[in-house]
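Q: A structural model of the following input is requested.
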Amino acid sequence: MLIFISLFAVVCYAIASWLQWQRATGRRLDVRPTVLLLGIAGFAVHGISVYHTLHHPAGIDLGLFSMGSLISWLVTALVIGSSLRQRIDNLFIGVFPMAAITVLLASLMPTSEVLKPYGSGMFLHILLSVLAYSIFTLAALQALLLWRQQLALKQHHTRGLVASLPPLQIMEKLLFEMLWVGFILLSISLVSGWLFVDNLFAQHLVHKTLLSLAAWLIYATLLGGRQIMGWRGMTAIRWTIGGFLLLMLGFFGSKLVLEFIL
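A: Modelled structure (predicted):
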């Protein structure tokens, strides 16, 4: 049953991302309601899949694929919600395929061997970490769009995808709004980790902890540089993506090593 639910989400996401690409390149301009409807349908069914891949009688599955599906589901929620008040529909082109791949993998892969119940404090720490990672994923996608927009404007290519994006100033403002939200959530997550995790520098957590702290320092430097020296453009893009890559290594790299290598 789970595989059929996931396949339905995949189909909705795939059609929605293809239609959005058609819209972004100027081939079809009247498909926004259809894109949103398909995206919301895929998101709703994806949520059912997430629930079943996470919850088991023995506890919660926080394995690589179930967490990847959860994060992509949250990112999808953020993008769909934000698109109702900001012109960021083109993020669908990256977000929907990512969600389709992760929901399919989570339904096909076996359940993680590490299943256990979590206390309220630990659950809060996990929730904050996942939310922070989701926000930074969205910020990284926004940074890539901003990079593409800057490159196209320098080359005087103002049609297609670039023409459908908001002005550079608004794109940068949206990026730093995402970064501030993600930074606050990551900060609270790190503090909650010190409070509720027995030993953040235990062998199975040390890489995740150190990489998360390194990412926190990168984002703190970027936001400080923005406030003090007005950092923007490619500087902001590089630091945003650099911090995200560290978080990705810490979050998924450690799970990959622990579940499939060690």
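Q: Please determine how far residue 25 is located from residue 16.
A: Separation of residue 25 from residue 16 (Cβ to Cβ, to the nearest Å): 15 Å. C-beta coordinates here come from the backbone N, C-alpha and C atoms, glycine included.
Q: Who has more neighbours out of the two?
A: Neighbour tally, residue 25 and residue 16, criterion other Cβ atoms under 10 Å: the higher count belongs to residue 16, 28 against 13.
Q: check contacts around the more buried one.
A: 34-35, 38-39, 42, 92, 96 (Cβ atoms under 8 Å, 6 or more residues apart in numbering).
Q: Show the buried residues in these.
A: Buried residues within those, defined by neighbour count using 16 or more other Cβ atoms under 10 Å: 35, 38-39, 42, 92, 96.
Q: which one is residue 80 nearest to, not counting chain neighbours?
A: Nearest non-adjacent residue to residue 80, counting by Cβ to Cβ, 6 or more residues apart in numbering: residue 39, 5.6 Å away.
Q: where along the stretch 51-200 of the chain do the helices fall?
A: Listed in chain order, the helices of the stretch 51-200 of the chain (DSSP state H, counting those that start in this stretch) span 64-83, 92-108, 120-154, 168-196.
Q: Indicate which one of those helices is closest to residue 241.
A: Nearest to residue 241 among the helices of the stretch 51-200 of the chain is helix 120-154; the distance by Cβ to Cβ comes to 5.6 Å.
Q: got CSV for the helices of the stretch 51-200 of the chain, with distance to residue 245 and mean pLDDT too?
A: Putting those into CSV (distance: least, Cβ to Cβ, whole Å; pLDDT from 0 to 100) gives the following:
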stretch, distance to residue 245, mean pLDDT
helix 64-83, 15, 89
helix 92-108, 16, 92
helix 120-154, 8, 87
helix 168-196, 14, 89
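Q: TSV please, covering those and showing distance to residue 221.
A: Shown next, in TSV, are those (distance: least, Cβ to Cβ, whole Å):
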stretch	distance to residue 221
helix 64-83	24
helix 92-108	26
helix 120-154	15
helix 168-196	11
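Q: Looking at the ones you listed, which is nearest to residue 229?
A: Using Cβ to Cβ as the measure, helix 168-196 is the one of these that comes nearest residue 229, at 13.7 Å.
Q: And the closest one, what does it pack against?
A: helix 120-154, helix 206-229, helix 233-248 (3 or more Cβ pairs under 8 Å, 6 or more residues apart in numbering; DSSP states H and E).
Q: can you list those in a markdown table and add distance to residue 178?
A: As requested, the helices and strands packed on helix 168-196 are exported to a markdown table (distance: least, Cβ to Cβ, whole Å):
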| stretch | distance to residue 178 |
| --- | --- |
| helix 120-154 | 4 |
| helix 206-229 | 11 |
| helix 233-248 | 9 |
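Q: I'd like a version of the ones you listed in TSV, one that adds distance to residue 176 and mean neighbour count as further columns.
A: Conversion of the helices and strands packed on helix 168-196 to TSV gives the following (distance: least, Cβ to Cβ, whole Å; neighbours: other Cβ atoms under 10 Å):
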stretch	distance to residue 176	mean neighbour count
helix 120-154	9	19
helix 206-229	6	17
helix 233-248	7	19
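Q: Residue 250 is nearest to which of the helices of the stretch 51-200 of the chain?
A: helix 120-154 (9.3 Å).
Q: so how far is that closest one off the chain centroid?
A: Helix 120-154 sits 5 Å away from the centroid of its parent chain (Cα atoms, centre = their mean, to the nearest Å).
Q: now swap in stretch 48-68 and tell me
A: Its chain's C-alpha centre and that of stretch 48-68 lie 17 Å apart, by Cα atoms, centre = their mean.
Q: Quote the end-to-end distance of that stretch.
A: Taking Cα to Cα, to the nearest Å, stretch 48-68 runs 15 Å from one end to the other.
Q: Thanks a lot, catch you later.
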